[in-house]
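Colleague: no sequence on hand, only this structure:
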């Protein structure tokens, strides 16, 4: 996306991908006065259900791309939309983020190379593309985590391996596709930074997110970050994320996830070329959400730094909470002060599927934490303290 011409409200914005991130983008765009078109093959697409128009087609469908080419600008809502679709559209309409940056984020090996070329440290790793690579892998990388190079997210396409025999078995179990083996690190914390960069090169960011993952899936985000993530670490993470956005000539919203290893060193884990689960709190806790930032970067609107007006804790709501098809007792949760429930319009509550999120806002971090713990109790979620202990184990 070149130039910085302002696309005024009233214009139509296109979205490739129709999941919950697209849904929240559509809500933000419509609030600002834009029309929206979503392309997604799923007839029950969460974003398609709320957009002005839902084109039910594959992302590379020529007719669907023609429809998007008539928009004022086009974005993507998840990283596995084919970069080729973005590249084709970019010849006819403004697209952000661009195909080159998305392609980097789609491939872990390319992502690691981008970290290295930008001077951003990441976990020691090696590419694994054949049984021969397994045999010659450096023993210092074991125990480690084997991850498919492509199409992996939320813990999918990953295997923890303790030795070379386990590595060989995991590589075979993953289908022998190209993978990246990362040394397992002892972590003090997991954090993420959401930055937004426009075509003029202006960059703003959300506060640093303090995250807890369970089973490879984000479970809890706290903002502001807890005391064990000090101000210097937060400033470094923000600077590195902004550096990556500039190095990629990125336009849009970019999330960079970091590990804080025991001893305090900061290493990059991965990037997402879109708004991120950890930034969902911003809808309720900031005066500009990550989705409004996505709209602003796409349309060339003024890019202002978000102001966090409330401390927040965000809880992911997975399909596991629905028992025998029955939804949780939302009324019991909504009696809590500062509770903001966001459901994504998905009918099929499968275990592990992201169905929504609950953000608790309060005047202080301690109050937000206490109310979130009560909300977790009422929902039958594992206590936040237990989740925190799990997050501190080596990854």
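Modeller: Great, that's in hand. Keep in mind that what you see is a predicted model, and the values were worked out from it rather than measured.

Colleague: low pLDDT regions in this structure?
Modeller: 1-4, 152-155, 383-395 (pLDDT under 70).

Colleague: can I see the domain layout of it?
Modeller: Split into domains by automatic domain parsing, the chain comes to 12-95, 124-183, 187-391.

Colleague: from residue 292, how far off is the spatially most central residue of the chain?
Modeller: Nearest to the geometric centre of the chain sits residue 276, at 2.8 Å (CA atoms, centre = their mean). Noted for residue 276: a distance of 15 Å to residue 292, by CB to CB, to the nearest Å. Quick note: C-beta positions are derived from backbone N, CA and C, even for glycine.

Colleague: so the residue lying closest to the residue nearest to the centre of the chain once chain neighbours are set aside is in which element?
Modeller: What sits nearest to residue 276 in space, not counting adjacent residues and going by CB to CB, 6 or more residues apart in numbering, is residue 255, at 3.5 Å. In the assignment (DSSP states H and E), residue 255 maps to strand 252-261.

Colleague: same question, residue 234
Modeller: helix 231-247.

Colleague: what of residue 160?
Modeller: Going by DSSP H and E, residue 160 is part of strand 158-161.

Colleague: report the buried residues of that strand.
Modeller: Buried residues in strand 158-161, defined by neighbour count with 16 or more other CB atoms under 10 Å: 158, 159, 161.

Colleague: quick one, which of the domains of the chain is nearest to residue 115?
Modeller: domain 187-391 (5.1 Å; CB to CB).

Colleague: burial check on residue 347, number of neighbours?
Modeller: Close neighbours of residue 347, defined as other CB atoms under 10 Å, add up to 6.

Colleague: might one say that it is in contact with residue 43?
Modeller: No. Counting by CB atoms under 8 Å, residue 347 stays clear of residue 43, with 11.4 Å between them.

Colleague: circling back: report all helices and strands that the strand holding residue 160 contacts.
Modeller: Packed against strand 158-161 by the contact rule (3 or more CB pairs under 8 Å, 6 or more residues apart in numbering; DSSP states H and E) you find strand 144-148, helix 164-173.

Colleague: change it to 10 Å
Modeller: Helices and strands touching strand 158-161, by 3 or more CB pairs under 10 Å, 6 or more residues apart in numbering; DSSP states H and E, are strand 144-148, helix 164-173, strand 179-183.

Colleague: tabulate those (a markdown table), appending mean neighbour count.
Modeller: Output for the helices and strands packed on strand 158-161, formatted as a markdown table (neighbours: other CB atoms under 10 Å):
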| stretch | mean neighbour count |
| --- | --- |
| strand 144-148 | 23 |
| helix 164-173 | 16 |
| strand 179-183 | 23 |
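
Colleague: what ranges do the helices span in the stretch 251-395 of the chain?
Modeller: 282-285, 290-299, 330-334, 365-379, 384-391 (DSSP state H, counting those that start in this stretch).

Colleague: of all those helices, which lies closest to residue 264?
Modeller: helix 384-391 (16.5 Å).

Colleague: if we can go back for a sec, so for residue 114, which of the domains of the chain sits nearest?
Modeller: Using CB to CB, the nearest of these to residue 114 is domain 187-391, at 6.8 Å.

Colleague: chain center to stretch 156-171: distance?
Modeller: 25 Å (CA atoms, centre = their mean, to the nearest Å).

Colleague: so what touches it?
Modeller: Stretch 156-171 has contacts (CB atoms under 10 Å, 6 or more residues apart in numbering) with 108, 128-131, 133-137, 139, 141-152, 173-175, 177, 179, 181-182, 184, 216-217, 352, 394-395.

Colleague: out of those, which are buried?
Modeller: 108, 128, 133-134, 137, 141-142, 144-150, 152, 174, 179, 181-182, 184, 216, 395.

Colleague: got the contact list for residue 45?
Modeller: 17-20, 22-23, 38-39, 51, 54-56, 345-346.
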